[in-house]
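Asker: Have a look at this prediction, sequence included:
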Amino acid sequence: MEDLKEADSKASSNFLEKIIEEDLAAGAYSRPIHTRFPPEPNGYLHIGSLYAVNINYSAAKKYDGAFNLRLDDTNPLKEDEEYVKAIIEDMKWAGFDPGENVFYGSDYFGKIYELTEQLIKNGDAFVCDLSPDELRASRGTLTSPGTDSPWRNRTPEESLDLFRRMKNGEFPPGTRVLRAKIDMASPNMNMRDPAIYRILDADHYRAGDEWKIYPMYDYAHPIQDAIENITHSMCSVEFKDHRPLYEWVLKALSFEFPEPPKQREFGRINITGAITGKRYLRQLVEGGYVDGWDDPRLPTVKGLRRRGFTKESIKAFLGEIGVARDMSTVDITMLEHSLREDLKAKAPAVMAVLDPLKVIIDNYPDDTIEYMDVENNAENAEMGSRKLPFSKSLIIEREDFQEVPEKGFRRLYPGNEVRLKGAYFVKCTSAVKDEAGNITEVHCTYDPETRSGLSFTARKVKATLHWLCEGKTVPVAVNLYGRLLKGEIGEDYNWDELVDPESKVVCKEAQAEESLADASPESKWQFIRHGYFVADLASKPGSLVFNRIVALKDTKRKGS
RNA sequence: UGGGCUGUCGCCAAGCGGUAAGGCAAUAGACUUUGACUCUAUUAUACGCAUGUUCGAAUCAUGCCAGCCCAGCCA
């Protein structure tokens, strides 16, 4: 049984996990498996970030290892406290809680500096006085080698002295840089004596003005990993070319790190119709094209959350797409499928009408309101039911009626009988039009014997329609095209308990139209995918989903 | 035309010398008080292309083609 389980989990290991398994089997590390997720706090987490988190986090879990969140903040020009808060919050929300293991790259500045003095003494790095332009020119091109810096052979003593003076703030930014002494002729651009420390005159959001010099990513990252006892540093493919440098650094510092971590890479994911990449997301946010990092049209964690995605659905999605070796583009329907799967049995399914068409039940008594008992979730009786008002005047979805039914159309049309969900069978008798020929209302008759719950079986009906009692609706949310939805309202149904007051998605009409007015597909950023799920489902345990909208998305309706 | 990486159904993705898993999407049908859900069936003689090695290749070799990444004192 155990063997079976083990064999099973082995079979499902992705290629990165297999590498870990090999290391485990070979006893490559005398410490437990240790992974990390190292975001730079310069933006909010998005679905692609979560994909990277998941790879590192679940590997640590799977092999009884540890996982660190490390805020990789070595560039004071770009980072901010706002982002670290958001990153930690989003990770916790998504179920990747780093617990106590939250670290900061900036906390290692002192240690890295010490190691760097040793590196210089060992002759592995030198201070270079070339200007940025000169440096670029001497780097060569993709097809031709670079040329050695004239400062490359200065003595370690001189470099050390200069480096200390750089640290003391004696030189302005851009005048000098510390470079690793590797190989200007390397076909790998990253190995052409890369800059590893630069002078920056900026306050660091955490370290303040303590430092005048800051280590570059390529140099700091391997050291940070090593300090944290990381064994497997899994990052995205664009760093593949940096791996030789990562290894060079750790080798040069092997006196300090005898059992260095190893970097391995995975392909990034894209989602169809969504833009990922902090750089572009930032443009949208800062350019005012969206409401903020939590705009529901964005694939950020906060946006996804406001759009209605649950953490469970996101995790399931991440598990289903696997781990790629190269860039892949996952169809958003897979994400949506995960949500539907998750919400199916746990979200109250209520009725909503986007485009109302008035329906009059001619044989129903005037001034009577009847409360129909409607289950909150057809598949989960524990979710109970609610009372819905029913009267002579109702509204249904305009698209649920056709005066002249197309082939295959089985909803409401003159002469046809359908069920109003949770209520009665109604039969269409006529449609009223205005001068322009638009249908303004539809007349029906109902059959009292078909009332829901009475087990009426004498006749069957081909369709069941969503409906709402006219005048008894509430504007509960806008969809992502900025259209207002009318949702059902019931006497014993407290919307306030279902809707997150913080959410801007669930809001009053005026606000809604204003904040999402630009959301039409024709707008300038139409490349952002528009969603189907409305209301903020995330903040409440009992998520709410407007089933109608899910259905509109799911089903290519026949005859329309 | 320097180097690195990737190429299996529309999209993800297993397989890693023994004769193409699975999921999403799609299509057809059944069921249905959401045309949802559920169920059932269908969907690569084919693994970027071409040679070759082999009894046998998606899996190995060689060549070619396509895509992605790299010339920040960004990460």
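Answerer: Nice, I can see it. Numbering: from 1, shown residues only, chains lettered A, B, ... in the order given.
Asker: and chain A, what are its domains?
Answerer: Structurally, chain A divides into domains by automatic domain parsing as follows: A:14-269, A:349-554.
Asker: want to try TSV for those domains, with mean pLDDT, distance to RNA strand B and mean neighbour count as columns?
Answerer: From N, CA and C alone the C-beta is placed, and that goes for glycine too. TSV is the format used below for those (pLDDT from 0 to 100; distance: least, CB to the nearest atom of the strand, whole Å; neighbours: other CB atoms under 10 Å):
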stretch	mean pLDDT	distance to RNA strand B	mean neighbour count
domain A:14-269	97	3	18
domain A:349-554	68	3	17
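Asker: so which of those domains comes closest to A:Asp326?
Answerer: Ranking the domains of chain A by proximity to A:Asp326 (CB to CB) places domain A:14-269 first, at 4.3 Å.
Asker: one step back: mind putting the domains of chain A into a markdown table with distance to A:Arg325?
Answerer: Compiled in a markdown table, the domains of chain A are given as follows (distance: least, CB to CB, whole Å):
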| stretch | distance to A:Arg325 |
| --- | --- |
| domain A:14-269 | 5 |
| domain A:349-554 | 26 |
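Asker: how close does the nearest residue to A:Ile47 once chain neighbours are set aside get to A:Trp93?
Answerer: On the basis of CB to CB, 6 or more residues apart in numbering, the spatially nearest residue to A:Ile47 that is not a chain neighbour turns out to be A:Pro299, at 4.6 Å. Taking CB to CB, to the nearest Å as the measure, A:Pro299 falls 15 Å from A:Trp93.
Asker: Which residue is it, in the stretch 201-350 of chain A, that comes closest to RNA strand B?
Answerer: Nearest residue of the stretch 201-350 of chain A to RNA strand B, counting by CB to the nearest atom of the strand: A:Ala324, 2.8 Å away.
Asker: So what does the residue nearest to that residue when sequence neighbours are not counted have for phi and psi?
Answerer: Spatially, and ignoring its direct neighbours in sequence, A:Ala324 is nearest to A:Gly267 (3.6 Å; CB to CB, 6+ apart). The phi/psi pair for A:Gly267 (degrees, to the nearest 10) reads phi -80, psi 150.
Asker: Check A:Ala274 too.
Answerer: The phi and psi values for A:Ala274, taken as degrees, to the nearest 10, are phi -120, psi 150.
Asker: Tell me how many other residues crowd A:Met327.
Answerer: Residues within reach of A:Met327, counting by other CB atoms under 10 Å, total 12.
Asker: which ones are touching it?
Answerer: With contacts defined as CB atoms under 8 Å, 6 or more residues apart in numbering, A:Met327 is in contact with A:237, A:267-270.
Asker: Now go through the residues you listed and say which are in helices.
Answerer: Judged by DSSP state H, the subset of the contacts of A:Met327 located in helices is empty.
Asker: I'd like those laid out as TSV, including distance to A:Val432.
Answerer: Putting the contacts of A:Met327 into TSV (distance: CB to CB, whole Å) gives the following:
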residue	distance to A:Val432
A:Val237	62
A:Gly267	58
A:Arg268	56
A:Ile269	52
A:Asn270	50
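Asker: Strands of the stretch 1-150 of chain A, start to end?
Answerer: Defined through DSSP state E, counting those that start in this stretch, the strands belonging to the stretch 1-150 of chain A, from first to last, are A:34-37, A:66-71, A:102-104, A:125-128.
Asker: Out of these, flag the one nearest A:Ala207.
Answerer: Evaluated with CB to CB, the strands of the stretch 1-150 of chain A place strand A:102-104 nearest to A:Ala207, the distance being 9.0 Å.
Asker: Just to check, the residue nearest to A:Ile47 is in contact with A:Gly277?
Answerer: No - in this structure A:Pro299 lies outside contact range of A:Gly277 using CB atoms under 8 Å: 9.9 Å.
Asker: State the helix or strand in which the residue of the stretch 201-350 of chain A closest to RNA strand B lies.
Answerer: Element membership for A:Ala324, per DSSP states H and E: none, as it lies in no helix or strand.
Asker: So it sits against A:Asn270, correct?
Answerer: No - using CB under 8 Å, A:Ala324 makes no contact with A:Asn270, being 10.3 Å away.
Asker: I'd like the strands of the stretch 1-150 of chain A as TSV, with distance to A:Arg154 appended.
Answerer: Below are these laid out as TSV (distance: least, CB to CB, whole Å):
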stretch	distance to A:Arg154
strand A:34-37	36
strand A:66-71	34
strand A:102-104	33
strand A:125-128	6
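Asker: which residues of the stretch 201-350 of chain A fall in strands?
Answerer: Counting by DSSP E, counting those that start in this stretch, one finds strands in the stretch 201-350 of chain A at the ranges A:213-215, A:232-236, A:262-266, A:269-271, A:328-330, A:349-350.
Asker: Quick one: residues in contact with the second one.
Answerer: Pointing back at strand A:232-236 there. Around strand A:232-236, the neighbours that count as contacts under CB under 8 Å, 6+ apart are A:16, A:19-20, A:23, A:33-36, A:38, A:52, A:55-56, A:59, A:221-222, A:225, A:246, A:261-268.
Asker: Let's see it as PDB, backbone CA atoms only.
Answerer: Once side chains and other backbone atoms are set aside, the C-alpha atoms of strand A:232-236 remain, and they are given as PDB (Å, rounded to 0.1, in the frame of the first residue of the first chain):
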ATOM      1  CA  HIS A 232      16.900  24.100  -5.000                       C
ATOM      2  CA  SER A 233      16.400  27.600  -6.400                       C
ATOM      3  CA  MET A 234      13.700  27.200  -9.000                       C
ATOM      4  CA  CYS A 235      13.100  30.200 -11.200                       C
ATOM      5  CA  SER A 236      11.800  31.000 -14.600                       C
END
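Asker: Measure how it sits relative to strand A:262-266, angle-wise.
Answerer: 30 degrees (axes from the mean of the first three to the mean of the last three CA atoms, to 10 degrees).
Asker: what are the pairing partners of strand A:232-236, and which direction each?
Answerer: The sheet places strand A:232-236 alongside strand A:262-266 (parallel), with pairing taken from DSSP bridges.
Asker: any residues touching the partner strand, and which ones?
Answerer: Identification of contacts with strand A:262-266 by CB under 8 Å, 6+ apart yields A:16, A:19, A:23, A:52, A:55, A:222, A:225, A:231-237, A:239-240, A:242-243, A:246-247, A:323-325.
Asker: residue ranges of the helices in the stretch 251-400 of chain A, please?
Answerer: With DSSP state H, counting those that start in this stretch as the definition, the stretch 251-400 of chain A shows helices at residue ranges A:278-286, A:301-307, A:311-321, A:332-343.
Asker: does any bit of the longest one sit next to RNA strand B?
Answerer: Right, helix A:332-343. Yes - applying CB under 7 Å from any atom of the strand, one finds helix A:332-343 touching RNA strand B at A:333-334, A:336-337, A:340-341.
Asker: Can you name the two of those that sit furthest apart?
Answerer: Of all pairs drawn from these, the one with the largest separation by CB to CB is A:Thr333 and A:Glu341; the distance is 12.0 Å.
Asker: how many neighbours does A:Glu336 have?
Answerer: A:Glu336 is surrounded by 19 other residues when neighbours are defined as other CB under 10 Å.
Asker: Please apply the same query to the one 3 residues further on.
Answerer: Residues within reach of A:Leu339, counting by other CB under 10 Å, total 26.
Asker: Now do the contacts for it.
Answerer: The contact partners of A:Leu339, by CB under 8 Å, 6+ apart, come to A:308-310, A:313, A:533.
Asker: now do 6 Å
Answerer: A:309, A:313 (CB atoms under 6 Å, 6 or more residues apart in numbering).
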